[in-house]
Every structure is written in C-alpha cells, then in structure tokens.
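*Asks:* Provide a 3D model corresponding to the input given below.
(4 chains)
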There are 2 protein chains.
Amino acid sequence: MGGMLNAQVPSALSRRDQIRKEAARLFAARGFLGVGVDEIGKAVGISGPGLYRHFSGKDAMLADLLVGISERLLEEGRRRAGDAPDALGALDALIGGHVDFALDDRDLIILHDRELLHLKEEDRRRVRRLQRGYVELWVDVVRQAFPALAEDGAEQTARAAVHAVFGLLNSTPHSAGPQLAQGERSGLSRDGMAALLHSLALGAFAAAAGGAADVTG
Amino acid sequence: MGGMLNAQVPSALSRRDQIRKEAARLFAARGFLGVGVDEIGKAVGISGPGLYRHFSGKDAMLADLLVGISERLLEEGRRRAGDAPDALGALDALIGGHVDFALDDRDLIILHDRELLHLKEEDRRRVRRLQRGYVELWVDVVRQAFPALAEDGAEQTARAAVHAVFGLLNSTPHSAGPQLAQGERSGLSRDGMAALLHSLALGAFAAAAGGAADVTG
DNA sequence: CCGCCCTGTTAATGAGCGTTAACTCCTGTC
DNA sequence: GACAGGAGTTAACGCTCATTAACAGGGCGG
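*Replies:* This is a model prediction of the structure:
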C-alpha cells in the first residue's frame, strides 16, 4: 500500500494529518496517558507500531500538536491584529480569531493547556515561549484599547485579565460534552455562542479597565 | 507506628487528610495517570501499598477529591446565596466564594474539570450531578440579578455565560506556574487578584445582559 | 527488469504500575 | 497479660503499553 505520492488532493488528508486529527481527538477525550498507540493506529486504519513510520514516538505526536496550535494562534493573532485599523479593532480581531479557534478546534484547545506537562522539557519550553508571545500580543493590544490599563502599574492587571479572558474563551470545550452534532451546542448556535463569547470578553476587559486598574497589590 | 488515636489536634491533619492533600497536589502537577501510588505514599511518609489502609484504591482517592470539592462548592454556594439580601448580593457572594476557592484551592480546581474522565461511571455521574446543581444555582441567581437574562429564550445564554465565567474564574491555576510563594502571583497580591476576578466576572455578566440576551440562534 | 525505499505487518522486549498476599508491630481494652 | 485490630512493611503477580526487531510487498527511478 505504499508509494502513492501522497497527493494533496483536497478533502483527502495525508496520513500524517490523519494521525494528527485522530490523535488530537483521542488525547482530548481520554488524556495523553490514557490513550495507547494501538488505539491511535486503529483510528487511522493502520495498526500500532505503524505510526512510527510517521512520528518518532507518542511524545512527538503530542509535541507536534501543541507546537502547531501555538504557532497558529500566534501567527494568526499577529496577522489579524496587524490588519486592524485601530486598537479596538485589533482587540476585536484577536477575540474573533480566538473564538473561532475555540469553537472549531475544540480538541486542540483542550490539549493546549491540559497536556503541556507531558512534553519533554525542550518542547515544553518552545510551546511556552510561543504562548508567552501570544499573551504579550494580547496585553499590548488590550492596553492600547483601554487607556486605564496602560498606566504604570496596570501591566500586571492587564496580563492577569488576558489570562482570565483566555480561560473564558476556552471554556466552551468544558461546557459541552465530549462531542455534539454540529448544529447544536447547549442550545446556542455556533454563531450565537461566538457572539456571546465576544461580548463576554469585551465586557470583562471593560470592567478591568473601569474598576480595577489600580489593584496592583 | 499505629493506633495513636488519630487525635484531631488542630494543625495536625489526619492521615487520610494528609493523603488527600498530597494526592491533590501530585495529581494537579502531573495528572492522575502520571502519578504512581508509591509516589503518593512517599509524599505522606508511608510507602506504596500502605495507602490501601485508608483508601480502597487510587481511583477512590480521585473520587473522594472530586466529590468533596463538588459538594463543598454547591453547599457553600447555596449557603452564601441564601444569606444574601437581594439577587445582586447573592451574585456577589457566589463570585466571592468561587474566587476564594479558585485562589486557595488551586489543586482541586484543576482536578475538578481535568480529571473527571478518569472516574468510574458511577462517581462521574455523581460529580456531574453536583456540578449541574451548582451551575443551575448560578443561572438562577444571574437571571434574577440581570432581568435581560430572565427573558424567555435567554436561559441558554445565561447558562453559557455562567460556564464561561467559570472558565474565567478558574483561570488562575493556568496563569501561574506549578507553585509560587504565597505573597506573589504574577505580580498581583491574592486580594488584588480576587478583586480583579470579581470585576471581570461582573463585567462579563453585564455584557451578556446588555448585548446578547437574544442571541439564541 | 532490478533494486531501493516507503509503508506496512506481527512478534518480542522491557519497564512501570495497581493491587494483593503475607507478615510484623504497636496500642488500647477486657 | 493476652489479644484483637489498626497501620505499616516488603515481595510477588499480572497486566498494560511504548518501543524495537525482523520481515514483506509494491511502486518508481535507473
């Protein structure tokens, strides 16, 4: 069954991408340590050790997923924020991008902060560096959008608020069960949920800027 | 080394509580499946299988922790909300209680929604029932506090907002490293962080009530 | 047409781990 | 003072599981 050039025909994922997708799904559902390689193999139609032709090991699959999502988030975030006309527009763009990600790639969002500890030190450092960059991007934009958070001493407040809003935006995976059909997620449509999350995030930032800019402890 | 009556002297935890505490710490740090019983034993000064004198198995320790936290959250939440004079006061009390919990029992908050899947079906159902009760408590209070969310069709919005705010309030464990000293958490004092989280949560709910009450899609 | 290599397969290996068994010691009670 | 039982110990069992070894087939360049 070899050598068919792995044509990148649309709608047909490469074997490697197939593995990525199924591994993400399984890791999200039962945890990295709770999934065996045989199971991942079965999910893509090959069996167990055949995976080692595509990844150097189980750890490497997780590392690939986490590095990939972190890079995509940072890259997309920079692009969107850069294309915006002003600070508030940039914040809107960041929120919208993150919401899309949280709603459309739930598995990866779950893994993103749940399985970080199972990475080897080197990969973990790399992912953390990317995450830190993403946070700083948000912090900069938020401080420009809300002048109260740009004051001296409000940087830690802004950073904590950004972390908290990430928790808010990433909450959708937790609120729904393992998997629901596409149209329905707890009674709200995908776009309804997106709009709601967007509102909640903006409201939270506004509150941080309004009341607690000087709570630097 | 047995039979010292296990006196409930203050400042001395019972062996069982010692195990609870250390198991929670280890599970939070490296995941339920990533921690061996020998390690938990060593953390409390006994070794490996000695734990089986206090818990029927490793699963039982996790179940004990998750059931315990879920019960405490629901019980405390009901008590606080019941003692409040009005709906807004009840919401304040709920937020304050949850914030205290998130800041003071980080390990349990992490486990609470991270390791649920490693419970046996029966325990999982029990924890989920408690969690559902807690969510409904919040939903009721939020809808009373914000009339816009009490309208017909806004129930799903309110519930989604509550889930999202839980994600926000539970974000502190993720934002800080494994463990920091008591005084400092990312530059904000404990009380500063508590005040900030409180503001963020209220701001989010206000935004949900203001703009998106009819986004039932 | 030959041979390389990509992609699979199954079998074996070796480590880790939860749990149980068998045994010891100490303490409070009758 | 015997003794029942709580609270430990170490050794052994059985199972899972990631990884490696050894082998096979089929397509494509030469």
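*Asks:* A:Ala63 is in contact with A:Arg20, correct?
*Replies:* No. The pair A:Arg20 / A:Ala63 is not scored as a contact, 11.5 Å apart, by CB atoms under 8 Å. From N, CA and C alone the C-beta is placed, and that goes for glycine too.
*Asks:* Report the residue spans of chain A with pLDDT below the cut-off.
*Replies:* Within chain A, the stretches with pLDDT under 70 are A:1-11, A:176-186, A:211-217.
*Asks:* who's in contact with A:Val37?
*Replies:* A:Gly48, A:Pro49, A:Leu51, A:Lys58 (CB atoms under 8 Å, 6 or more residues apart in numbering or on different chains).
*Asks:* Return stretch A:42-54 as PDB; C-alpha atoms alone will do.
*Replies:* Written as PDB, here are the backbone C-alpha positions of stretch A:42-54 (Å, rounded to 0.1, in the frame of the first residue of the first chain):
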ATOM      1  CA  LYS A  42      -6.700   1.700  14.700                       C
ATOM      2  CA  ALA A  43      -8.400   5.100  14.400                       C
ATOM      3  CA  VAL A  44      -6.400   5.800  11.200                       C
ATOM      4  CA  GLY A  45      -6.700   2.300   9.800                       C
ATOM      5  CA  ILE A  46      -3.200   1.100  10.500                       C
ATOM      6  CA  SER A  47      -2.100  -0.800  13.500                       C
ATOM      7  CA  GLY A  48       0.100   0.200  16.400                       C
ATOM      8  CA  PRO A  49       3.700   0.400  15.600                       C
ATOM      9  CA  GLY A  50       3.000   1.500  12.000                       C
ATOM     10  CA  LEU A  51       2.700   5.000  13.400                       C
ATOM     11  CA  TYR A  52       6.400   5.000  13.900                       C
ATOM     12  CA  ARG A  53       6.800   5.500  10.200                       C
ATOM     13  CA  HIS A  54       5.300   8.900  10.600                       C
END
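*Asks:* quick check, nearest of the contacts of A:Val37 to DNA strand C?
*Replies:* A:Pro49 (3.8 Å; CB to the nearest atom of the strand).
*Asks:* what's the distance between the closest one and A:Phe55?
*Replies:* Separation of A:Pro49 from A:Phe55 (CB to CB, to the nearest Å) stands at 11 Å.
*Asks:* for the spatially most central residue of chain A, helix, strand, or coil?
*Replies:* Note on chain A: the residue nearest the mean C-alpha position is A:Ile109, at 3.9 Å, using CA atoms, centre = their mean. At A:Ile109 the chain is in helix, as set by DSSP: H, G, I helix; E, B strand; the rest coil.
*Asks:* And it, how far from DNA strand C?
*Replies:* Distance of A:Ile109 to DNA strand C, given as CB to the nearest atom of the strand, to the nearest Å: 27 Å.
*Asks:* same thing with A:Gly97?
*Replies:* Distance from A:Gly97 to DNA strand C, by CB to the nearest atom of the strand: 33 Å.
*Asks:* List the contacts of the helix or strand hosting that residue.
*Replies:* Per DSSP states H and E, A:Gly97 falls inside helix A:87-104. Residues from elsewhere that reach helix A:87-104, judged by CB under 8 Å, 6+ apart: A:72-73, A:76-77, A:80-84, A:108-109, A:137-138, A:141-142, A:144-145, A:166, A:169-170, A:172-173, A:190, A:193-194, A:197-198, A:201-202, A:205.
*Asks:* what's the residue nearest to the centre of chain A in contact with, if anything?
*Replies:* A:Ile109 makes contact with A:Ile69, A:Phe101, A:Ala102, A:Asn170, A:Thr172, A:Pro173, according to CB under 8 Å, 6+ apart.
*Asks:* repeat for A:Asp64
*Replies:* Residues in contact with A:Asp64 (CB under 8 Å, 6+ apart) are A:Arg20, A:Phe55.
*Asks:* quick one: is the host helix or strand of it near DNA strand D?
*Replies:* Using DSSP H and E, A:Asp64 sits in helix A:58-83. Yes. Helix A:58-83 lies within reach of DNA strand D by CB under 7 Å from any atom of the strand, at A:Lys58, A:Asp59.
*Asks:* do stretch A:36-43 as well
*Replies:* Yes. Using CB under 7 Å from any atom of the strand, stretch A:36-43 reaches DNA strand D at A:Gly36, A:Val37, A:Asp38.
*Asks:* Tabulate those (TSV), appending secondary structure and distance to B:Ala209.
*Replies:* Below are these laid out as TSV (DSSP: H, G, I helix; E, B strand; the rest coil; distance: CB to CB, whole Å):
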residue	secondary structure	distance to B:Ala209
A:Gly36	coil	47
A:Val37	helix	49
A:Asp38	helix	50
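*Asks:* Mind putting those into CSV with distance to DNA strand C?
*Replies:* As requested, the residues of stretch A:36-43 next to DNA strand D are exported to CSV (distance: CB to the nearest atom of the strand, whole Å):
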residue, distance to DNA strand C
A:Gly36, 11
A:Val37, 10
A:Asp38, 9
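*Asks:* just the residues you listed now: which is nearest chain B?
*Replies:* Taking CB to the nearest CB as the measure, chain B lies nearest A:Gly36 of those, at 11.7 Å.
*Asks:* what number of residues lie near the closest one?
*Replies:* A count of neighbours around A:Gly36, defined by other CB atoms under 10 Å in any protein chain shown, yields 13.
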